[in-house]
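>>> Have a look; sequence and predicted model below, questions after that.
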Amino acid sequence: MAQNTQQGTGKAVPDFRPMQPAPARNHLDPYVRLAVPGQMTKPIRPPTENTTLRKGRTNRILLYHGCFNPPHHGHMGHLRHALRYCGQEINVIGAFIIVLPNGMLDLKLGVNSKEIKLDIKKRVALWDEELRAQAQAQAGNRDEGWVERCWVMMRSEWSQAEPQLEQDFARDGFDVEFVTLAGGDKFSEYSTHVGWGYPMTMTTNISRPVFFYKSTSNSPLPKTLRDHTPWELMPSNPHSPRRVVFTCRYIGLYKTYTLRFVSALFSEQLDPTLSSTKVRSIINTTQVLTRNSSDQEKVTRLATRLGGVVLSPNLLAQYIVEEWKKRGNDAPQFLELRAIASRYKY
């Protein structure tokens, strides 16, 4: 991070001056395309200031891991809020959405679970389709430049790309640091160490509340976390959109990391009950409600019910109806959901 020295104190303070345009050859997309073969089939991105690597300061990239089964607006809202308001001074130039493998769904839901388990390629496609739609909607709006900083990949691709990217960045003289973006549900009063091997972890309360902070609280600072230093309020940046940002540090015997909390206004917080579990419940209920409908009508009705809840609802509805056809209406949850479905109307 660029620093200035405060006159008379010798104390370093953040440099919030607007960044100057950099050459296109420092754009992040070519590095990602070379390190992640799956990106080569996707459109080449034009250079932008938001995704430009700069020498003389640390360039940071968010790592957003998840099963995303399926991805929904809570996931996207969490990522969008972090990119918009994390603070220009930490220079976040990109975010990698890393989709976990099918085996993780078996561990999370159970090998024998009859819940919908979307193949990893479909979960990646749902993210890609939504980001394309968002990019088109935001075209020409400089204040909505978060989509251009997002890349979607499978975890197997990331595992191979990480050392390659580190090598390429170092070769070209760029200081790059990866930052974990964690959901608010990853923090509890008794378990808060989520550094995951990286020097910084970031979270927000836009999609799910965090136990250590309430927007309506009279306390100016979040609750101090176990084994962490007290929170510090970060200076406001007059050149970027503002939200209150706090940081603290975990200092352990073998590792340390910084936790950066990007708060959300109470009025902008999303429905805290929105989750992949809730989405799967909507899907299961709709299966019962449309059991006598044509495939096209099932897709239309399911997409309508999922609209505003999931990413790429039309594409997801097609995937789900294909899965229903494979399973048939004799799936175990079918009979169990009839009573539930009777309470719902279109």
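Everything's here; your move.

>>> can you list the domain ranges for this protein.
3-268, 276-341 (automatic domain parsing).

>>> Can you add mean neighbour count and mean pLDDT and give the ones you listed back as a markdown table?
Where C-beta positions appear, they are placed from N, C-alpha and C, glycine not excepted. Formatted as a markdown table, the domains of the chain follow (neighbours: other C-beta atoms under 10 Å; pLDDT from 0 to 100):
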| stretch | mean neighbour count | mean pLDDT |
| --- | --- | --- |
| domain 3-268 | 17 | 86 |
| domain 276-341 | 17 | 83 |
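
>>> in this protein, which spans are helices?
28-35, 73-85, 102-109, 120-138, 155-171, 276-289, 295-306, 313-327, 332-336, 338-341 (DSSP state H).

>>> Tell me which of the ones you listed sits nearest to Arg208.
Counting by C-beta to C-beta, Arg208 lies closest to helix 73-85 out of the helices of the chain; the figure is 7.1 Å.

>>> For the closest one, which helices and strands make contact with it?
Here helix 73-85 touches strand 58-66, strand 92-99, strand 175-181, strand 200-204, strand 256-262, going by 3 or more C-beta pairs under 8 Å, 6 or more residues apart in numbering; DSSP states H and E.

>>> any chance of these in a markdown table, with distance to Met154 too?
Shown next, in a markdown table, are the helices and strands packed on helix 73-85 (distance: least, C-beta to C-beta, whole Å):
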| stretch | distance to Met154 |
| --- | --- |
| strand 58-66 | 11 |
| strand 92-99 | 5 |
| strand 175-181 | 17 |
| strand 200-204 | 22 |
| strand 256-262 | 25 |
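
>>> just so I know, which of those lies nearest Ser294?
strand 92-99 (31.5 Å).

>>> The closest one vs helix 73-85, what angle?
Relative orientation of strand 92-99 and helix 73-85, computed by axes from the mean of the first three to the mean of the last three C-alpha atoms, to 10 degrees: 160 degrees.

>>> Could you give the bridge partners of the spatially closest residue to Trp196 that is not a sequence neighbour?
Distances taken as C-beta to C-beta, 6 or more residues apart in numbering put Thr180 closest to Trp196, at 4.9 Å, once the chain neighbours are dropped. Residues in a beta bridge with Thr180, per DSSP bridges, are Leu63, Thr201.

>>> Output stretch 134-141 as PDB, nothing but the C-alphas.
Taking Å, rounded to 0.1, in the frame of the first residue of the first chain, the C-alpha atoms of stretch 134-141 are listed here in PDB:
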ATOM      1  CA  GLN A 134     -24.500  -8.300 -14.700                       C
ATOM      2  CA  ALA A 135     -21.700  -7.000 -17.000                       C
ATOM      3  CA  GLN A 136     -24.200  -6.100 -19.700                       C
ATOM      4  CA  ALA A 137     -26.500  -4.400 -17.300                       C
ATOM      5  CA  GLN A 138     -23.600  -2.400 -15.800                       C
ATOM      6  CA  ALA A 139     -22.000  -1.400 -19.100                       C
ATOM      7  CA  GLY A 140     -20.800   2.200 -19.000                       C
ATOM      8  CA  ASN A 141     -21.500   2.600 -15.200                       C
END
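
>>> Run the chain-centre distance for it.
19 Å (C-alpha atoms, centre = their mean, to the nearest Å).

>>> cool, stretch 130-139 as well?
16 Å.

>>> How about stretch 277-294?
Chain-centre distance of stretch 277-294: 27 Å, with C-alpha atoms, centre = their mean.

>>> cool, stretch 158-165 as well?
With C-alpha atoms, centre = their mean, you get 19 Å for stretch 158-165.

>>> what does it rub up against?
Applying C-beta atoms under 8 Å, 6 or more residues apart in numbering, the contact partners of stretch 158-165 are 31-32, 34-36, 63, 96, 98, 153, 176, 178.

>>> If we only consider the residues you listed, which is nearest to Gly110?
Using C-beta to C-beta, Ile98 comes nearest to Gly110 of the contacts of stretch 158-165, at 22.9 Å.

>>> Please name the bridge partners of the closest one.
His65, Met153.

>>> right, so of the helices and strands packed on helix 73-85, which gets closest to Phe187?
strand 200-204 (6.8 Å).

>>> quick one: the closest one to chain centroid distance?
Its chain's average C-alpha position is 11 Å from that of strand 200-204, according to C-alpha atoms, centre = their mean.

>>> same question, stretch 275-282
For stretch 275-282 - counting by C-alpha atoms, centre = their mean - the centre lies 18 Å from the chain centre.

>>> mind exporting that stretch as CSV, just the C-alpha atoms?
Output in CSV follows, covering the C-alpha atoms of stretch 275-282 (Å, rounded to 0.1, in the frame of the first residue of the first chain):
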residue,chain,number,x,y,z
SER,A,275,-29.2,-20.0,1.7
SER,A,276,-28.6,-22.9,-0.7
THR,A,277,-30.6,-25.0,1.7
LYS,A,278,-33.6,-22.7,1.3
VAL,A,279,-33.2,-22.7,-2.5
ARG,A,280,-33.1,-26.5,-2.6
SER,A,281,-36.4,-26.5,-0.5
ILE,A,282,-38.0,-24.3,-3.2
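
>>> just to revisit the earlier point, now that the residue nearest to Trp196 has come up, it's in contact with Tyr198, right?
Yes. At 5.1 Å, Thr180 counts as touching Tyr198 under the criterion of C-beta atoms under 8 Å.

>>> ok, the closest residue to Gly87 other than its chain neighbours to Ser294 distance?
Closest residue to Gly87 apart from its sequence neighbours, by C-beta to C-beta, 6+ apart: Val245 at 5.5 Å. Applying C-beta to C-beta, to the nearest Å, the value for Val245 to Ser294 is 51 Å.
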